[in-house]
Structures are given as structure tokens and as C-alpha cells.
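>>> Provided below for reference: sequence and predicted model.
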Amino acid sequence: MADQSIPEARTPAPAETALNGDVSEGASRAGVLSRRRLLGTAGATGLVLGAAGGAVGYAARPAEATPLSSLGADQVMFHGKHQPGILQGLQARGHVVAFDLAAGAGRKEAAALLRRWSETARRLMAGEAARQDDTDVARDAGPSALTITFGFGHSFFARTGLEKQRPVALDPLPDFSSDQLDKTRSNGDLWVQIGANDALVAFHALRAIQKDAGAAARVRWQMNGFNRSPGATAHPMTARNLMGQMDGTRNPKPTESDFDQRIFVPESGSKDPSWMANGSYAVVRRIRMLLDDWEQLSVKAQEEVIGRRKSDGAPLSGGTETTEMDLEKTDRAGNLVVPINAHARITRPDQNGGAAMLRRPFSYHDGIDADGVPDAGLLFICWQADPLRGFVTVQRKLDRGDALSKYIRHEASGLFAVPGGAAEGEY
């Protein structure tokens, strides 16, 4: 992956003032936006946040076990190469929310909104109060590993007159057989992911972001999630979902040589517009788990659906959680130990042409339906450099015969372009 220096915050670049309709001196050259300058004016780039330096653990694994009394002190850095909320460990509480720009709002209003959101995110992630009208919900608490992540939906670009800068990778996802999508809870012009290890800190950020939207944008949909709190187990371990299964065992790790290639858009040599350099694409799916049906299965049957032991996440072919799965191993009767339609078999990168995505989900529980069925499942969020090669490739394979499909239902969906992080002085 070629290196490319990050432009100085005050250095004009081609079309860097595109959002407000201004044209910089270099706008006639090539006509493409410089890195992360989709929405910027001079001295500011398109989006906000940077990943934490020295994040604990590897991506989508729980944070290191630590006494709960110290959780409030954990802080994620605002500035960096990538936005936060991607590489950090799973947080205990989360909110995902999509906004649509208000009628009549365009590039100017969107730019002003992102400036407000940027300042609010910077302050709250540092454990400070919001600049205006702070609600005091998080008073007395520290940052609690708060992260706020921003993305653009497909519809944003037409609303702001930036269709030529819309990435091809943002083309709508195809339909899948397990989809029963509620369009009112899918997609959106703008997307915000909020995560923290304290419920009040997370809610405080949600309210501040919503208030900052003002008259420029309205909430399209909003969902709430949770994970196990850091320190709840004797030692760090892979999270469990509401089916009781370990979830995320084979997540790619930053230590792997091709991690950046799979998860982040490169600074050069990509088909993506330059403002997406060091960014990623987030696929968001509200996946309802049919828990009443699932829980009627024996543990053995559940393990055969997944292809892993429920107790410790080890593959049915033997070993520990991290042991490589033996797809050819058979039992005495000649049957495959890991069934041909087991979820873990189908989703393996080597069964999908190397396709991989970084899973960073939240569980959710939205009460009990009138018929007594729990409305619960997974707020599935995955990250990849190319959603067509990542999520779509794997989901198409699952669509053709995943044993788990009988026990889940995809009820909402979204795809968002999440640019790279910002240097100091940028929004």
C-alpha cells in the first residue's frame, strides 16, 4: 500500500470547498476532492474522528479486564488516521442513529452540522461537557471509552449536489432471501455510531448529537445495543451473543499483514474517491434472533448449526477456540464433523475467496411482542474496504444454505461510507 502524506490542515486542495459551493485555486486540476475533503472548507476536512492510539486488545474483542471503578477514566483519542469506533474493543453500551437532511437543507447546512458534531464529539470523548446546553446526564463520569463515528449514506450525495463524489461502493446492497426489511428503519443520509462503557455517557452523547442536528436534519431511525461490560469475566474473552454463542472468534486482527487491505480504503491506487482514504464501509443490519425456536434445540443441535462448541467456541473438529477448523474431518460413520451448512464453515474467508470483514456488533432487546415473543437479536455492524467483496460475498454464500438462517431474520439494513480520521484543527 503506497504511502501518501496527509495534507496540512491549512493547505488548500482541489475542490476542498465543494460543500459550500466555493472553488479553490487548484479546483481545475483533475476535479477530484483531496483526501477527506468531501465537505470541507479551507482549513477543515470532511469528517471528524481519529482512532485511539494504543487501543486495548484487538478489534472487536472485549477490552482488557479491569476493575469497574476505573472504566470511567478510559479515553479514546479524537484525532488519528482512522475514525474511532472501528479498532477499539467492544463497548458495553451503544446507539446507532441515522439522520435525513431536512427539506431545503443542502451542502451549507450539512457543513455547519458536521462542524457542530465534530466539536461535540471532540469534547465528549475527552470527558468534557457539551459546549452549549449540556444536559448534565454524564456529570461526574469520565469519558468511559466513548467513541462517536460518522458516515454518509447513498442518498446524502444527491441531497447535497455531490453525486460525482459518491463512491461506487455505496451502490445499494442486493436483496437476500432472509431479508424482511423495514424501509423506515434502513439507510439514511447520515449515520452516527456511539459506543461507551457507561450507559449514561452513551445516552448523553446521543442526546447531544440529536440536539446539534437542530433544523438541519431529523432522525430517520435509532437503535440501542449492549455488550458484556469489561471486567465482568475473570479474563478477557470473545463476547457472546443472545444465542449464547461466542461471536467474533475469527475476526481479522490488526497484527495480520493484510488487515488494512481488507478493512480500510488505501491512500492511493483505489477506485474510491480520494476523500475516502483510510476510511471504511460500514454495513449495519438489525438481525432478529428467533430465540424461542433456537432455545428449543439441544446444545448439540445448536453446536451443529454454528460448527463450534457452545462452551468455549472451539471448532467441532477439536482443539481450542483459536484452533484451525478441520473442514475434512469425519466421524466414525463418515459424516463431516463440521456440517456442510454450518455457519462457521460457510463464513470462513477461505470458503469465500478470501473475503473478510471486521465484525463489531451490539446485542439488542426491545421488549416482548404482543404474542410473547422477544424482540431481540444483533445490531450487526461490520467494516470492510469494499462491501461488495466483504459483506455481499459472504451474505450471498449464507443465502444459499446457512443452517443459522432458519433462526434469524434481517429486519433493517444500511450501508455507509465512513471516511478516515482527522488531524488536529480539522472537522
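Here it is on my side, so go on.

>>> Make sure residue 113 is indeed in a helix.
Yes. Assigned with DSSP: H, G, I helix; E, B strand; the rest coil, residue 113 falls within a helix.

>>> Hmm, residue 204 is touching residue 144, no?
No. Using C-beta atoms under 8 Å, residue 204 is not in contact with residue 144, being 9.8 Å away. For glycine as for every other residue, the C-beta is placed from the backbone atoms N, C-alpha and C.

>>> In which helix or strand does the spatially most central residue of the chain reside?
Centroid-nearest residue in the chain: residue 381, 4.4 Å away (criterion: C-alpha atoms, centre = their mean). Counting by DSSP states H and E, the element that carries residue 381 is strand 374-384.

>>> Could you list the buried residues of the helix or strand following that strand?
Moving toward the C-terminus from strand 374-384, the next helix or strand (DSSP H and E) is helix 393-399. Going by neighbour count (16 or more other C-beta atoms under 10 Å), the buried part of helix 393-399 is 393-395, 397-399.

>>> try stretch 324-332
325, 327.

>>> average pLDDT for it?
Mean per-residue pLDDT for stretch 324-332: 96.

>>> what kind of secondary structure is residue 260 in?
Residue 260 - assigned by three-state DSSP - is helix.

>>> pLDDT at it, what is it?
At residue 260, pLDDT is 96.

>>> separation between it and residue 167?
18 Å (C-beta to C-beta, to the nearest Å).

>>> Over to residue 198?
From residue 198 across to residue 167, the span is 35 Å (C-beta to C-beta).

>>> pLDDT of the helix or strand containing residue 118, averaged?
Using DSSP H and E, residue 118 falls within helix 107-125. The pLDDT scores in helix 107-125 average 95.

>>> How far away from the center of its chain is that helix?
19 Å (C-alpha atoms, centre = their mean, to the nearest Å).

>>> Quick one: list the elements packing against that helix.
strand 147-152, strand 190-196, helix 199-213 (3 or more C-beta pairs under 8 Å, 6 or more residues apart in numbering; DSSP states H and E).

>>> which parts of it are buried?
Buried, per 16+ other C-beta under 10 Å, within helix 107-125: 107, 109-125.

>>> next one: stretch 211-231
For stretch 211-231, using 16+ other C-beta under 10 Å, the buried residues are 212-213, 216-217, 220-221, 223-227, 229-231.

>>> Secondary structure, distance to residue 272 and pLDDT for those - can I get that in CSV?
Output for those, formatted as CSV (DSSP: H, G, I helix; E, B strand; the rest coil; distance: C-beta to C-beta, whole Å; pLDDT from 0 to 100):
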residue, secondary structure, distance to residue 272, pLDDT
212, helix, 28, 97
213, helix, 27, 97
216, coil, 26, 98
217, strand, 25, 98
220, strand, 25, 98
221, strand, 26, 98
223, strand, 27, 98
224, strand, 31, 98
225, strand, 28, 98
226, strand, 33, 98
227, coil, 30, 97
229, coil, 37, 93
230, coil, 34, 90
231, coil, 39, 87
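
>>> Farthest-apart pair in the residues you listed, please.
216 and 231 (39.2 Å; C-beta to C-beta).

>>> separation between the closest residue to residue 136 other than its chain neighbours and residue 137?
Counting by C-beta to C-beta, 6 or more residues apart in numbering, residue 129 is the residue found nearest to residue 136 once chain neighbours are left out, at 7.9 Å. To residue 137, residue 129 is 10 Å away according to C-beta to C-beta.

>>> Alpha carbons only: can I get stretch 376-391 in PDB?
Taking C-alpha atoms only, stretch 376-391 is exported to PDB below (Å, rounded to 0.1, in the frame of the first residue of the first chain):
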ATOM      1  CA  ALA A 376     -34.100  -9.300  20.500                       C
ATOM      2  CA  GLY A 377     -31.100 -10.000  18.400                       C
ATOM      3  CA  LEU A 378     -28.000  -8.500  17.000                       C
ATOM      4  CA  LEU A 379     -27.200  -5.000  15.700                       C
ATOM      5  CA  PHE A 380     -24.700  -6.400  13.200                       C
ATOM      6  CA  ILE A 381     -22.100  -3.800  12.200                       C
ATOM      7  CA  CYS A 382     -19.200  -4.900  10.000                       C
ATOM      8  CA  TRP A 383     -16.300  -3.000   8.500                       C
ATOM      9  CA  GLN A 384     -14.500  -3.600   5.200                       C
ATOM     10  CA  ALA A 385     -12.600  -1.700   2.500                       C
ATOM     11  CA  ASP A 386     -15.100  -3.000  -0.200                       C
ATOM     12  CA  PRO A 387     -18.600  -4.100   0.800                       C
ATOM     13  CA  LEU A 388     -19.100  -6.000  -2.400                       C
ATOM     14  CA  ARG A 389     -16.100  -8.100  -1.700                       C
ATOM     15  CA  GLY A 390     -16.700  -8.300   2.000                       C
ATOM     16  CA  PHE A 391     -20.300  -8.400   3.300                       C
END
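
>>> Give me the buried stretch members for it, please.
Of the residues in stretch 376-391, 376-387, 389-391 count as buried by neighbour count, 16+ other C-beta under 10 Å.

>>> and if you look at stretch 351-368?
352, 355-364.

>>> gap between residue 256 and residue 248?
Relative to residue 248, and taking C-beta to C-beta, residue 256 is found at 15 Å.

>>> Which of those two has more residues huddled nearby?
residue 248 (19 against 13; other C-beta atoms under 10 Å).

>>> so that one touches residue 359, yeah?
Yes. In this structure residue 248 lies within contact range of residue 359 using C-beta under 8 Å: 5.2 Å.

>>> in stretch 267-281, what's buried?
Within stretch 267-281, judged by 16+ other C-beta under 10 Å, the buried ones are 267, 270, 272-281.

>>> and if you look at stretch 236-254?
Buried residues in stretch 236-254 (16+ other C-beta under 10 Å): 236, 238-243, 245-252.

>>> Next: stretch 400-408.
402-405, 407-408.

>>> And residue 11, what's its pLDDT?
34.

>>> go on, the one 5 residues further on?
Residue 16 is assigned a predicted lDDT (pLDDT) of 36.

>>> and what of residue 177?
On the pLDDT scale, residue 177 gets 88.

>>> Could I get the contacting residues of the closest residue in space to it that isn't next to it in sequence?
Spatially, and ignoring its direct neighbours in sequence, residue 177 is nearest to residue 399 (5.2 Å; C-beta to C-beta, 6+ apart). Residues in contact with residue 399 (C-beta atoms under 8 Å, 6 or more residues apart in numbering) are 176-178, 405.
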